[in-house]
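Visitor: Sequence first, predicted coordinates after that:
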Amino acid sequence: MLWVHLQRPEVLNSINEEMVDGLAAALDRASAKDVRVMVIRGTGRAFCAGADLVQVPGEEVDTSRMEQIVERVAAVVGGIAKLPKPVIAGVNGITAAGGLEIVLACDLVVAVEGARIADAHSNYGLLPGAGGSARLPRAVGTPMAKRMMLTGDFVTAEELVASGFVTAVVPIDQLDECLEELSTSLALRSPRVMTAMKHLADGASDITLAEACDAEAVALRAYLKTPDVHAGLAAFREGKRPEFED
């Protein structure tokens, strides 16, 4: 598995160009066959507070340059969402704006007790640019998404468990242990199954039920031709844990 630590704790791990470069490099590394799961975790008291607005200079903002930066962030966040492997977010504290967009691109979210999460763009007259307005309603439901987007207020991780957006809430001293256990569990499963299930789940809400069932049938037919089927069933018969190829 690959652990990615956001390491600008002095500014709440806010996003600058170097962090975008680092995330892009991590995605390249995550594409290797020996990586089965990626974990993204913040350091210090925040996961990520969004873009480093202090780095936007002057009273007259260069909106063309700003657009270029947002497009790069969106590309990286989109890369996280499209990675054909499970991605887990370890939300260790404050998460806002672009930080929330990173978390929304992950498949599972483990947060510490009392972690505060906000959209926050409206607080400074900004709009999401990395998929936040598209993914947040799907993750928490439209009413909660409107509350978060329109008010910019923080909500706690505990409030977001009911929607399924936050997978688990744990004491802060148990975060790494929980992330390790969850990522290890996923890494032991068939990489082909993980990829197929992620693809099917991501696409199901954008198509009809009949189309989703057809997509599942196509994926199953393709999977039945792989060695993982035989490895899994043989392990079941023998009462052993299956071992799958990369």
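Guide: Noted; the coordinates are in hand.
Visitor: what's around I207, how many residues?
Guide: When neighbours are counted by other CB atoms under 10 Å, I207 registers 12. Quick note: C-beta positions are derived from backbone N, CA and C, even for glycine.
Visitor: Can you tell me the SS state at L23?
Guide: Following DSSP: H, G, I helix; E, B strand; the rest coil, we place L23 in the helix state.
Visitor: Extract the C-alpha set from stretch 121-141 and format it as CSV.
Guide: Taking C-alpha atoms only, stretch 121-141 is exported to CSV below (Å, rounded to 0.1, in the frame of the first residue of the first chain):
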residue,chain,number,x,y,z
HIS,A,121,-15.8,28.4,-0.7
SER,A,122,-18.7,30.8,-0.1
ASN,A,123,-17.0,32.3,2.9
TYR,A,124,-14.6,34.1,0.5
GLY,A,125,-16.8,34.5,-2.6
LEU,A,126,-15.4,31.5,-4.4
LEU,A,127,-16.8,28.5,-6.2
PRO,A,128,-15.6,24.9,-6.0
GLY,A,129,-13.3,24.0,-8.9
ALA,A,130,-12.2,20.4,-8.3
GLY,A,131,-15.6,18.6,-8.4
GLY,A,132,-16.9,19.6,-5.0
SER,A,133,-20.3,20.8,-6.2
ALA,A,134,-20.7,17.6,-8.2
ARG,A,135,-19.5,15.1,-5.6
LEU,A,136,-20.8,16.6,-2.4
PRO,A,137,-24.5,16.1,-3.1
ARG,A,138,-23.8,12.5,-4.1
ALA,A,139,-21.9,11.9,-0.9
VAL,A,140,-24.1,13.5,1.7
GLY,A,141,-27.4,14.2,-0.1
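Visitor: Which of the residues in it are classified as buried?
Guide: Going by neighbour count (16 or more other CB atoms under 10 Å), the buried part of stretch 121-141 is 121-122, 126, 128-132, 135-137, 139-140.
Visitor: same question, stretch 148-162
Guide: Neighbour-count burial for stretch 148-162, counted by 16+ other CB under 10 Å, picks out M148, M149, G152, F154, V155, A157, E159, L160.
Visitor: Just give me how far it sits from the chain centre.
Guide: Here the centre of stretch 148-162 is set off from its chain's centre by 17 Å, with CA atoms, centre = their mean, to the nearest Å.
Visitor: one step back: okay if I get the buried residues of stretch 121-141 as JSON lines plus distance to L182?
Guide: Listed next are the buried residues of stretch 121-141 as JSON lines, based on distance: CB to CB, whole Å:
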{"residue": "H121", "distance to L182": "30"}
{"residue": "S122", "distance to L182": "33"}
{"residue": "L126", "distance to L182": "33"}
{"residue": "P128", "distance to L182": "27"}
{"residue": "G129", "distance to L182": "30"}
{"residue": "A130", "distance to L182": "25"}
{"residue": "G131", "distance to L182": "24"}
{"residue": "G132", "distance to L182": "24"}
{"residue": "R135", "distance to L182": "21"}
{"residue": "L136", "distance to L182": "23"}
{"residue": "P137", "distance to L182": "26"}
{"residue": "A139", "distance to L182": "18"}
{"residue": "V140", "distance to L182": "21"}
